[in-house]
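Peer 1: Just the structure for this:
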Amino acid sequence: MTLSRFLFAKLPSALLILFLLSGVHAPAEEPSRPKIGLCLGGGGAKGFAHIGVLQYLEEQRVPIDLIGGTSMGAIVSGLYAAGLSPDQIESEMNTQNWWALLEDMPSRRMLTYRRKLEQRRYISNFEIGLDGWKPLLRPGQVAGQRMNSVLQELTSAYAGVEDFDQLRIPFRAVATDVQTGEQVVLRQGNLAQAIRASMAVPGAFTPVNLDGRQLVDGGLVNNVPVSVLREMGADIVIAVDVIGLDDWSTTEKPINSSLDILGQTMLIMQQPQVDAQLKQADIVIQVPIHKQGMGDFHKSRDIIPLGYTAAKAVAEALQALQIDEAAYAEHLEVELPERQRPLTIRSVGISGQQRVDERSIRSRIRVKPGDTVSVETLGKESEYIQAMGDFTQVRYELQQDGDAYDLTYDVEEKSWGPTYLRSGLRLETDFENNTAWNLIIGYNRRQLNALGAEMRVDAKVGQETGLGVDLYQPLSFRDPLFLAPSLVLGRSRRDLFSGDEAVSSYDVEEIRGALDLGWSLREIGEIRVGAEFRRVRSDEEPGMPEAGTSTEELGALRGRLVFDRLDDAFFPRKGYLLNLFGRAVMESMGADREYEVAEAQFLGVASLGENSFALSARAGGSFDSDVPLYDQFELGGFGNFSGLAPGQLRGPYVGVLSLAYRRMLGHLPPGLGDGIYFNLKADSGQVWEEQEDLGDDLIYGGTVALSADTLIGPIYMGYGYAEGGNRQFYFSLGAQF
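Peer 2: As a prediction, this is how the structure comes out:
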């Protein structure tokens, strides 16, 4: 044997002998502990219990190496994977406005004035599309824009990270391909979008279009996806089930409503696959939730502790997975990106648009290349684009390139657009002599051209009948100028009073054509000036002393200035509304007479806690001109000196000052509406025949009412009083048009 071969053969043994002789021991490999996976099941609001489970697991120092879930389980597990602690998740869930999230309307302060008018005119969030004469229904009531913005903000520590294995804890979300019925395991892409896809309950939320697939709630195929955690490499799986089928059998709550029956039917259908998945788990935490339903998102404070209690019930099994304090501290000590870090934008792009011109969308974008922004700003910007009214939702995508990000706004146009049918209902009664109702059907055709022109046709039946057509034509993409021709045909009946008694009534028929040139102030309001031509026929009830028919031709110049910064159309908590209007009827424009009218209205609202305070004022006059009866100012009816009958006071001059107080008493369930309120209002005002009488003989009144903000519009039931013995009980339902 050569010397070199001898050295190579004996050197390892010699080195080992030297280690032993020198007293230095070779490092022994520390035995690795099993990988623990946590699987969180779906269950709507019941899934808040997952937060309590996480709190107990952290308290017991049970490490979570892999995590995943379905629906609400995907929300909680995704947020935990993105670095939020259980206490942080609890705080976020408890402080969210679930009524706003599940209503999914853009913030009213972001809407253009034209869209704000629609909120007062039509039933909220009810819209049917038209393809020719074929009706198109929206694929879900909630598009999830606000929910997506919240999720993107909460997961922003990993903005730009597309591989879910690179999160603080590797994560998976389960969704369902609604076309094939296949399970889709989401392991990469936009984290917030993956969570949103997993929770897209069919019929409630719109599907999420992802990589050519339409994805809905993963609970349809795998509500407690233990198998997914196994595929990720989990040695031990802890599964949490929040909607066990025995929930109904252990509670006295009857299954009466259609929602209860639908929910129970879904549980029965899901139970076999849930049982099969739970058998694959090593530890199962069943959370019995009897008093809260899957839609009780406003009851998170009651549901979260139930998860903690359920996890504590299997403490013995969980204790076997405990690690010591030092090891657990090291497990939690993962360096996280800063969630609220500023982002430098390198480029701004748009994707997904088809009907809406890209230049129209860009006119709504305020973020520019080179700007440094927060994720909160990007979320608000997405909502601002969605407020155009043409998109179900707008998401932002971030691609990191060095220290900067390429920003893309991905817009999803309404699949049932761009032609829409909407409706509005109005009902008022004083339970005695005055009952009025109106129904309005609105046809709206948007995106008539690249500039975003639209046409609206409103048909009204009831106490007032008529047909109105108007066209809105912007003159450029960025220039706020627009043209607005319109035509209105209408008929209404009005009462004439002597004191507090209606002694006559008269019909008014009108044809009005107008052309306005306007200046859009976008979400603030608008300014219009224009010309109008009217033919008005008034016909007093036959048999009265002054019965007769008159027809007048009226040509006029008119103008309007509106600033609308109220945060809600019917129950505002802050903001103001200023509305100035003037009309000058002139013989030089073909009128049979000359007169002028002008009116100013103001409403300012502020709130403190559950209490809201409002100051409103109204003033109108005719400048000593001879105003016909049908153009005079009226007082009376709900919200307009409620103690008086509708139109009880009428004259060429009006002045009213009102103070109002409103307190929130509670909430309707999310998805059915919002607040329930107690209302007080005090009024002071009058109408006058002559300018020199202004301010004389003021009358005072007040209103007390209960109200609710419902899906079909505001509901009021109350009592109104006006000086002089005028009293009215009333019920009011619906929008204003």
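Peer 1: roughly how far apart are the closest residue to Leu711 other than its chain neighbours and Pro135?
Peer 2: Leaving aside its chain neighbours, Leu711 sits nearest to Gly673 (5.5 Å; criterion: CB to CB, 6 or more residues apart in numbering). All C-beta atoms are positioned from the backbone trio N, CA, C, and that covers glycine. Look at Gly673 and Pro135: by CB to CB, to the nearest Å, they are 25 Å apart.
Peer 1: So which of those two has more stuff around it?
Peer 2: Taking other CB atoms under 10 Å, Gly673 and Pro135 do not tie; Gly673 has more neighbours (20 against 11).
Peer 1: pretty sure that one is touching Gly713, no?
Peer 2: No - using CB atoms under 8 Å, Gly673 makes no contact with Gly713, being 9.5 Å away.
Peer 1: Buried residues in whichever helix or strand Glu90 is part of, which are they?
Peer 2: Taking DSSP states H and E as the definition, Glu90 sits inside helix 86-95. For helix 86-95, burial by neighbour count (16 or more other CB atoms under 10 Å) applies to 86, 89-90, 92-93.
Peer 1: how about it as CSV, C-alpha atoms only?
Peer 2: The C-alpha coordinates for helix 86-95 follow below in CSV (Å, rounded to 0.1, in the frame of the first residue of the first chain):
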residue,chain,number,x,y,z
PRO,A,86,-54.6,36.2,17.7
ASP,A,87,-55.2,39.3,19.8
GLN,A,88,-54.6,41.5,16.8
ILE,A,89,-57.0,39.4,14.7
GLU,A,90,-59.6,39.6,17.5
SER,A,91,-59.2,43.4,17.7
GLU,A,92,-59.7,43.8,13.9
MET,A,93,-62.7,41.5,13.8
ASN,A,94,-64.4,43.3,16.7
THR,A,95,-63.9,46.8,15.3
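Peer 1: mean confidence for that helix?
Peer 2: Helix 86-95 comes out with an average pLDDT of 93.
Peer 1: And the contacts of the very next helix or strand once past it?
Peer 2: Remark: after helix 86-95, the chain's next helix or strand is helix 98-103, criterion DSSP H and E. Residues from elsewhere that reach helix 98-103 (CB atoms under 8 Å, 6 or more residues apart in numbering): 124-125, 142, 146-147, 150, 297-298, 667-668, 670-671, 673-675.
Peer 1: now stretch 564-573
Peer 2: Stretch 564-573 is contacted from outside by 107-109, 113, 116, 119-120, 524-525, 574-578, 603, 605, 607, 612, 614, 662, 674-675, 677, 707, 709, 713-714, using CB under 8 Å, 6+ apart.
Peer 1: Kindly write the PyMOL command that selects the buried subset of those residues.
Peer 2: A single PyMOL command selects the buried members of those (16+ other CB under 10 Å):
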select buried, resi 107+108+109+113+116+119+525+575+576+577+603+605+612+614+662+674+675+677+707+709+713+714
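Peer 1: Among the contacts of stretch 564-573, which are located in helices?
Peer 2: Using DSSP state H, the members of the contacts of stretch 564-573 that fall in helices are 113, 116, 119-120.
Peer 1: could you pull out the strands for the stretch 451-600 of the chain?
Peer 2: Listed in chain order, the strands of the stretch 451-600 of the chain (DSSP state E, counting those that start in this stretch) span 454-462, 464-474, 481-498, 501-520, 525-540, 549-564, 575-585, 595-608.
Peer 1: For Ala74, find the nearest of those.
Peer 2: Proximity to Ala74 (CB to CB) singles out strand 595-608 among the strands of the stretch 451-600 of the chain, at 35.0 Å.
Peer 1: which strands and helices sit next to that closest one?
Peer 2: strand 575-585, strand 611-621 (3 or more CB pairs under 8 Å, 6 or more residues apart in numbering; DSSP states H and E).
Peer 1: My read is that Ala450 contacts Asp357, right?
Peer 2: Yes - counting by CB under 8 Å, Asp357 is a contact partner of Ala450 at 4.4 Å.
Peer 1: shaky segments in the stretch 101-250 of the chain?
Peer 2: Applying pLDDT under 70 to the stretch 101-250 of the chain flags residues 244-250.
Peer 1: now the strands for it?
Peer 2: Under DSSP E, counting those that start in this stretch, the stretch 101-250 of the chain gives strands at 128-131, 134-136, 140-142, 171-177, 183-186, 203-205, 208-210, 213-217, 236-241.
Peer 1: which of the ones you listed is buried the deepest?
Peer 2: Sort those by mean neighbour count, taking mean count of other CB atoms under 10 Å, and strand 171-177 sits at the top with a mean of 28.
Peer 1: helices and strands around it, which ones?
Peer 2: Checking 3+ CB pairs under 8 Å, 6+ apart, strand 171-177 ends up next to strand 66-70, helix 72-81, strand 183-186, helix 191-198, strand 213-217, helix 226-232.
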